[in-house]
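> For reference, the sequence and a predicted model appear below.
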Amino acid sequence: MSRHMLCWTRICLARVRAQREENMPEGLNRRNLAGALAVAAATAMLAGAPAKAADPITIGFGMALTGPLAANGKMSLVAMKIWEEDVNAKGGLLGRPVKLIYYDDQSNPSTVPGIYTKLLDVDKVDFAVSPYASTQIAPAMPIMIARKRLFVSLFGTGINDEFNYDRYFSMLPTGPTPKPTFTKGLFRVALAQNPKPQSVAIAAADAEFGRNASDGARENAQKAGMKIVYDKTYPPNTTDFAPIVRAIQATNPDVVIICSYPLDSVGMVKAFNEIGFKPKMLGGAMVGLQASVFKTQLGPLLNGI
């Protein structure tokens, strides 16, 4: 690596550290931070053994292409492929093409350690990024930490709170406090109503994302002075959500917060409509409902969420 590039990398990393230490608000200097990460990542990839100019920079990851997370996983892969095509059309990175190497993790967290071990040890990728999303990212963390590799995650909510890994960066539009931010907007709207809602129910999938998002919902409820009348998790493989909705209905909450992944979100929407339970507000962290396949499937049932 040239002396100039090494110097620039250090400057970029220093900028990233400074902004992280200042607890950078969401949106502040986002372009600068993104640019710093891009340069830092690219130079880190090239700092090892010499490579020929024609050799591609390999970027590896697992992705949910089948299973319950596939709708969002496939969209994520499309975005990555668009980036790959755009970058290569402009000459690649540092004069080298980029190549994506990826495997289907089947929406199953147990497949993730094996995939990332293969990417690093067999494929020997220059750079590894995360799967989609929190539940899949967490099992990749020990692998990346053990190898001391830079790790950029895609839609991981509060993943690094447990690990405190200093080479971890998150691509998530929720700023430095992702757990409460997921439901902050809903609580803000709730408190603007007259009369203000007094009670809230929280139901979450017993998985990484659901637990983290519900932690944030509890924090927001306490700050809002709202009484939590229901607060339970459900197994990730749940298919019948009617009993959960009836249990929530029995507590008569003003607001219902659901922290769910795509198929759970669909099941919850259907159950609320079938039972006819209409709290003042319903929503929170219901992932997946923005996907075309689910919008088409649910149609007007999504109104009011």
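In hand now; what should we look at?
> Mind giving me the packing neighbours of the helix or strand hosting residue 183?
Following DSSP states H and E, one finds residue 183 within helix 178-191. The contact analysis (3 or more Cβ pairs under 8 Å, 6 or more residues apart in numbering; DSSP states H and E) places helix 178-191 against helix 208-224, strand 255-260, strand 281-286. Backbone N, C-alpha and C define where each C-beta goes, glycine included.
> Mind listing the strands the last one pairs with, and their directions?
It refers to strand 281-286. strand 255-260 (parallel) (DSSP bridges).
> right, and the helix or strand after the partner strand?
By DSSP H and E, the next helix or strand past strand 255-260 is helix 262-275.
> Only C-alpha atoms, please: export that next one in CSV.
Only the C-alpha atoms of helix 262-275 are listed here, as CSV (Å, rounded to 0.1, in the frame of the first residue of the first chain):
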residue,chain,number,x,y,z
PRO,A,262,-42.1,-10.7,7.8
LEU,A,263,-44.3,-13.9,8.2
ASP,A,264,-45.1,-13.0,11.8
SER,A,265,-46.1,-9.5,10.7
VAL,A,266,-48.5,-10.9,8.1
GLY,A,267,-49.9,-13.4,10.6
MET,A,268,-50.5,-10.6,13.1
VAL,A,269,-52.3,-8.3,10.7
LYS,A,270,-54.6,-11.2,9.6
ALA,A,271,-55.3,-12.1,13.2
PHE,A,272,-56.1,-8.6,14.3
ASN,A,273,-58.5,-8.2,11.4
GLU,A,274,-60.2,-11.7,11.9
ILE,A,275,-60.8,-11.0,15.6
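> List the buried residues of that helix.
262, 263, 264, 265, 266, 267, 268, 269, 270, 271, 272, 273 (16 or more other Cβ atoms under 10 Å).
> What separation do you get for the closest residue to residue 267 other than its chain neighbours and residue 201?
Nearest residue to residue 267, sequence neighbours excluded (Cβ to Cβ, 6 or more residues apart in numbering): residue 241, at 4.3 Å. Distance of residue 241 to residue 201, given as Cβ to Cβ, to the nearest Å: 13 Å.
> between the two, which one's more packed in?
residue 201 (27 against 24; other Cβ atoms under 10 Å).
> Give me the phi and psi for residue 158.
phi 60, psi 20 (degrees, to the nearest 10).
> show me where the stretch 1-150 of the chain has strands.
Using DSSP state E, counting those that start in this stretch, the strands found in the stretch 1-150 of the chain span residues 57-63, 98-104, 127-129.
> So in that sheet, which strands flank the first one, and in what orientation?
Strand 57-63 sits in its sheet next to strand 98-104 (parallel), strand 127-129 (parallel), going by DSSP bridges.
> Give me whichever of those is most buried.
Ranked by mean neighbour count, the strands paired with strand 57-63 are led by strand 127-129 with a mean of 22 (mean count of other Cβ atoms under 10 Å).
> Rounded mean pLDDT for it, please.
The pLDDT scores in strand 127-129 average 92.
> mind checking how far it is from the chain centre?
Put simply, strand 127-129 sits 16 Å off its chain's centre (Cα atoms, centre = their mean, to the nearest Å).
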